[in-house]
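Undergrad: need the 3D shape of this:
(one chain, ligands or ions: 1)
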Amino acid sequence: MLSADVSFPRGLSVPETKPDLDSGPTVIVPPAAYMAKTAPGSMATPRNCLEPVDSAAIKAQPKAPNYAFAFDIDGVLIRGGEVIPEAVEALRILNGENEQGIKVPYIFVTNGGGKPEEARCADLSRQLQVPVSPQQFICGHTPMREMAGTYNTVLVVGGVGEACRVVAEGYGFKDVVTPGDLMKSISSITPFRTLTEEELANSRYRDFSDVTIDAVFVFADSRHWGDDVQIIIDLLMSKNGRVGTRSETFDEGPPIFFSHNDVLWKTNHTQNRLGMGALRVMIEALFEQSTGKKLSRAVSFGKPQVGTFKYATSVLERWCKDHSGFGTSAETVYFVGDTPESDIKGTNEFDNLVDEEWYSILVKTGVYEAGTEPRHRPKATVNTVLDAVIFGMERSKIVMAPKLQEGSVSSTDEEEEEE
Ligand SMILES: [Mg+2]
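TA: So this is what the prediction gives:
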């Protein structure tokens, strides 16, 4: 069986020690453009699209908690499109259904994407049976919003149908091209596929002879790897992003941005499935094979990049500020994830950088397979997200009901072991 850290280590293809994996060596726009200064309020997410959180009820609670939770979604709350049952109970507890009636702030930080944040939050609200606001939600491509003013014409890859074009245009990108547009306009560009009638109708014909593609953005997982890879490699090898050209030095193509770098992810299939990080591995390998040069213009966002955790901090702070019963900031943030290489690695690294405590909790409902040794060691390992919530609240001295069942947590935190 594939395992995140045994049979298919990311490091085989993309060594994690490579500086470009985490920070991106040739970022055309510095990640700082979205990291620290981004105001969550600027996320252009209409509050009235969802049921508002009952801030009056939050204000009435006796004591503001000094901690918060951040949740990964796939493999933690949702798996294969279905809600993990314990997730509903976990959020109920955080929303005040606990012994002391305390409401605890939480946000969602997913590497996934492919829909506008508002639409994804509406889905989550329905599945998790609690209102989820876009203001407590970060997905893989959220940081790309900040780059809309930097690049004029962009190729947007991934997702279902036209969804990612809609997302990109909603972010403010002025001229969005999709692989479908190129296939419709230059039918020979992908020899092994013809567009469906629906794709033909949605794709936009244009004369690409005078078009310069300034950057490539992989917003969500590719649905047609072969065609997308062909088109992306063409552009990366092009002269200044001009379709149909070839650079003599192969140093003149546009940069490529991935919304995350997860090689594997968890669906309802028995073994883990290949994700966007695998696409990056493939593109880097093919670029090197074709040009003899390493691709130095690829950058990944999402977890485990520190910038994503900085961004999450600002989102959480704003969320707490907007609901005064939550207090001004959290001294401890429990990050609950299923992927050691992104959730746990990122949380642990960020914890070492900041004053507040970021405490990594690994669940067994996703990518991580029980019995294997995760490459990045979590502070605690639990069975489900419900156990994670109860564990965190107990650790922060909130007496809980129901109690944790024996054996549902294994803590690797030295403090816990001493207690
Ligand atoms: Mg996950």
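Undergrad: not counting residues beside it along the chain, what's closest to the residue in the stretch 251-400 of the chain that the ion sits nearest to?
TA: Closest residue of the stretch 251-400 of the chain to the ion, C-beta to the ion: residue 338 (4.4 Å). From N, CA and C alone the C-beta is placed, and that goes for glycine too. What sits nearest to residue 338 in space, not counting adjacent residues and going by C-beta to C-beta, 6 or more residues apart in numbering, is residue 366, at 2.6 Å.
Undergrad: quick one, what contacts the one you found?
TA: Residues in contact with residue 366 (C-beta atoms under 8 Å, 6 or more residues apart in numbering) are 72, 74-76, 79, 266, 337-339.
Undergrad: by pLDDT, give me the weakest of the residues you listed.
TA: Of all the contacts of residue 366, residue 266 carries the smallest pLDDT score, 84.
Undergrad: would you confirm that that residue contacts residue 74?
TA: Yes: Residue 266 is within contact range of residue 74, at 6.2 Å (criterion: C-beta atoms under 8 Å).
Undergrad: avg pLDDT for stretch 173-188?
TA: For stretch 173-188, the mean confidence score works out to 98.
Undergrad: got the end-to-end distance for that stretch?
TA: Distance between the two ends of stretch 173-188: 27 Å, counting by C-alpha to C-alpha, to the nearest Å.
Undergrad: residue boundaries of the helices in the stretch 251-400 of the chain?
TA: For the stretch 251-400 of the chain, helices defined by DSSP state H, counting those that start in this stretch occupy the ranges 276-291, 306-322, 345-353, 385-395.
Undergrad: what's the most buried one of those?
TA: Compared across the helices of the stretch 251-400 of the chain, helix 385-395 shows the largest average neighbour count, a mean of 24 (mean count of other C-beta atoms under 10 Å).
Undergrad: quick check: next helix or strand after that helix?
TA: strand 409-411 (DSSP states H and E).
Undergrad: any residues touching that next one, and which ones?
TA: Here strand 409-411 makes contact (C-beta under 8 Å, 6+ apart) with 379-382, 387, 391, 417.
Undergrad: of all those, which two lie farthest apart?
TA: Greatest spatial distance in these: 387 and 417, 17.7 Å, computed using C-beta to C-beta.
Undergrad: got any ranges where the stretch 301-419 of the chain has weak pLDDT?
TA: For the stretch 301-419 of the chain, applying pLDDT under 70 flags the ranges 324, 328, 398-405, 413-419.
Undergrad: how about the residues of it by the ion?
TA: Within the stretch 301-419 of the chain, the positions lying close to the ion (C-beta under 5 Å from the ion) are 338-339.
Undergrad: re earlier: quick one: common contacting residues for residue 266 and residue 74?
TA: By C-beta under 8 Å, 6+ apart, residue 266 and residue 74 have these common neighbours: 338, 366.
Undergrad: and the stretch 51-200 of the chain, which residues reach the ion?
TA: Residues of the stretch 51-200 of the chain lying near the ion by C-beta under 5 Å from the ion: 72, 74-75.
Undergrad: against residue 76, how distant is the residue nearest to residue 125 when sequence neighbours are not counted?
TA: Excluding the flanking residues, the one nearest residue 125 by C-beta to C-beta, 6+ apart is residue 132, at 4.7 Å. Going from residue 132 to residue 76 by C-beta to C-beta, to the nearest Å gives 14 Å.
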